[in-house]
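[1] Sequence and predicted structure, then a few things I'm wondering about:
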Protein chains: 2
Amino acid sequence: MPGPKGGEGSKARMPGRRARRDAINTVRPAPIFVLDNPQMGENIGAAARAMLNFGVFGLRLVNPRDGWPNPKAGALAAGASLVVDQARVYDSLAEALADCHYVQATTARTREMSLPILSPADAALALKPRIDAGQICAVVFGPERSGLTNDDVARADAIISIPVNPAFASINLAQSALIMAYEWAQADGRETESGQWERETPSTRENFDGLINHLYEELEATGYFFPAARRNVMRRNLRTIFTRAQLTENEVQTLRGVIKSLARKRGPKT
Amino acid sequence: MPGPKGGEGSKARMPGRRARRDAINTVRPAPIFVLDNPQMGENIGAAARAMLNFGVFGLRLVNPRDGWPNPKAGALAAGASLVVDQARVYDSLAEALADCHYVQATTARTREMSLPILSPADAALALKPRIDAGQICAVVFGPERSGLTNDDVARADAIISIPVNPAFASINLAQSALIMAYEWAQADGRETESGQWERETPSTRENFDGLINHLYEELEATGYFFPAARRNVMRRNLRTIFTRAQLTENEVQTLRGVIKSLARKRGPKT
């Protein structure tokens, strides 16, 4: 899997850069905010500013429309350039989430998807013990106009629904990021019990995706995805079933063995 | 006391205006957001949008720097023009708060003032039973750069402190409005006990200010405010003492009688 483009190593050193990086490296652990296909640089900057106000430093961008770096993001960040400068850029949401153990996706519309739906406050409370146990956790925000696709949402362990006024509902990217960062800061100030997550670290997204893709391939070979028009929905439903199981690395390996064994009984692929 | 400038009666009727007004008039009661000396129209518009997303409709403006109406506010409101169009404009914070029973002031810095300091969530929970009991409640936001003056803050019953990252702390007007509107919506969704406030309606700000100004005048006449350089601080401290008492209308009348009686004993003013 290709590494991130840009990010920490990609720019010439500037005066004060080390001091700012030190400032980032000494901060408390927090979730990473992932902006999927963000459109306007101004919105990326405003989101970065909202994040930094509440102690969220890690920013990942999937295919920013206007390329990266984007000077408009720096201008709107209003001092939050340390978040913008260290943003990492990825070609796909899967790559951006590869090292993550737990992922939440923000959505405006409700989805017909079998994933838990959390309020912003409950989402932050779900992040807190995982972050305390050292897991890498991400909150994904969709593009400004369209929001996340169903396939993107299906990569998450849970859906965050921000309860806006249904008669208006025009919350934007930076506002969503502000509310999630704010709720993170509230949750981060509380004592929680991280014992469960210290015993059971979930698989990274990369290994989980390996399992799911393995399953897809073997099912494809058997002609399971029929009719073809339903393939995407069938795949998404399978993915969310296994997502909800919150598999550990060991369990992912176990299931890969199960798939391999079942496929072998069927005979080699033709 | 002069009435508000602008507001509902000040503009020619436009098509669709009645429908939009009806939309406002049928909404749930909510706190009023008061922007004191706001500078940029864009920020007023962004605040209006944040408010409407979370069901807060009442907007009052004290001396907006660039006059009113301001087309830049409408542009940034992104559909929240019904909030912007019905904003009322006042010459002073005292006038904007005259009919209010309970007032909260947002501040970035901590103040040396003897008022309760609330988190945004606790502030919203304090508003909820009062709003349910029919009180007019306001949340005051200061100008973008400088924030509220101490004299402005002293007009509030409580201070709201938004717990931002101390190493950054660059939360702006629209962000503050968003967080307070968001927390209001959270609190509004809960059951609370409004019995206390149904029994004891606090005095309006106008009558409370009448008491305080009466007290100031009588103390002025006795030479109480000495040295003169301390006058403002001494007045503010007196105001906050009586604010904390959460006086009812009857109690305000009682105290005016007390002041009158004490002053009479001293003899007529010279």
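    Received it, and whenever you're ready, just let me know what you need.
[2] so where do the strands sit in the stretch 101-250 of chain A?
    A:102-107, A:117-118, A:137-141, A:158-161 (DSSP state E, counting those that start in this stretch).
[3] Can you convert the ones you listed into a markdown table and add a column each for mean pLDDT, mean neighbour count and distance to chain B?
    Where C-beta positions appear, they are placed from N, C-alpha and C, glycine not excepted. Converted to a markdown table, those look like this (pLDDT from 0 to 100; neighbours: other C-beta atoms under 10 Å in any protein chain shown; distance: least, C-beta to the nearest C-beta, whole Å):
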| stretch | mean pLDDT | mean neighbour count | distance to chain B |
| --- | --- | --- | --- |
| strand A:102-107 | 95 | 25 | 14 |
| strand A:117-118 | 93 | 16 | 14 |
| strand A:137-141 | 98 | 25 | 15 |
| strand A:158-161 | 94 | 20 | 13 |
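[4] So which residues make contact with stretch A:37-51?
    A:33, A:35, A:57, A:59, A:61-66, A:70-81, A:83-84, A:87, A:141-145, A:172-175, A:177-178, A:181, B:170, B:175 (C-beta atoms under 8 Å, 6 or more residues apart in numbering or on different chains).
[5] ok, of the residues you listed, which come out buried?
    Buried members of the contacts of stretch A:37-51, counted by 16 or more other C-beta atoms under 10 Å in any protein chain shown: A:33, A:35, A:57, A:59, A:61-64, A:70, A:73-74, A:76-78, A:80-81, A:83-84, A:87, A:141-144, A:172-175, A:177-178, A:181, B:170, B:175.
[6] My guess is A:Ser203 contacts A:Glu251. True?
    Yes - under the criterion of C-beta atoms under 8 Å, A:Ser203 makes contact with A:Glu251 at 7.3 Å.
[7] Could you list the residues of chain A in contact with chain B?
    Applying C-beta under 8 Å from any C-beta of the partner chain, we find that chain A lies next to chain B at A:23, A:49-50, A:52-55, A:78-80, A:121, A:163-165, A:167-172, A:175, A:178-179, A:182, A:185-186, A:189.
[8] Any of those buried? List them.
    Buried residues within the residues of chain A next to chain B, defined by neighbour count using 16+ other C-beta under 10 Å: A:49-50, A:52-55, A:78, A:80, A:164-165, A:168, A:170-172, A:175, A:178-179, A:182, A:185-186.
[9] Skipping adjacent residues, who's closest to A:Ile212 in space?
    Distances taken as C-beta to C-beta, 6 or more residues apart in numbering or on different chains place A:Arg239 nearest to A:Ile212, at 5.4 Å, with adjacent residues excluded.
[10] tell me the contacts of that neighbour?
    Shown in contact with A:Arg239 (C-beta under 8 Å, 6+ apart): A:154-155, A:212.
[11] Mind checking which of those are in helices?
    A:Ile212 (DSSP state H).
[12] Out of the contacts of A:Arg239, give me the one that has the most neighbours.
    Most neighbours among the contacts of A:Arg239, by other C-beta atoms under 10 Å in any protein chain shown: A:Arg155, with 26 neighbours.
[13] and the buried ones among the residues of chain A next to chain B, which of them are in helices?
    Applying DSSP H to these, the entries found in helices are A:49-50, A:52-53, A:175, A:178-179, A:182, A:185-186.
[14] Just flag the most distant two among those residues.
    By the measure C-beta to C-beta, A:Arg49 and A:Gln186 form the most distant pair in those, at 18.5 Å.
[15] picking that back up, using TSV, please lay out the strands of the stretch 101-250 of chain A together with distance to B:Leu115.
    As requested, these are exported to TSV (distance: least, C-beta to C-beta, whole Å):
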stretch	distance to B:Leu115
strand A:102-107	36
strand A:117-118	35
strand A:137-141	35
strand A:158-161	35
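[16] coming back round to it: higher neighbour count, A:Ser203 and A:Glu251?
    Ranked by neighbour count (other C-beta under 10 Å), A:Ser203 and A:Glu251 place A:Ser203 first, with 21 against 17.
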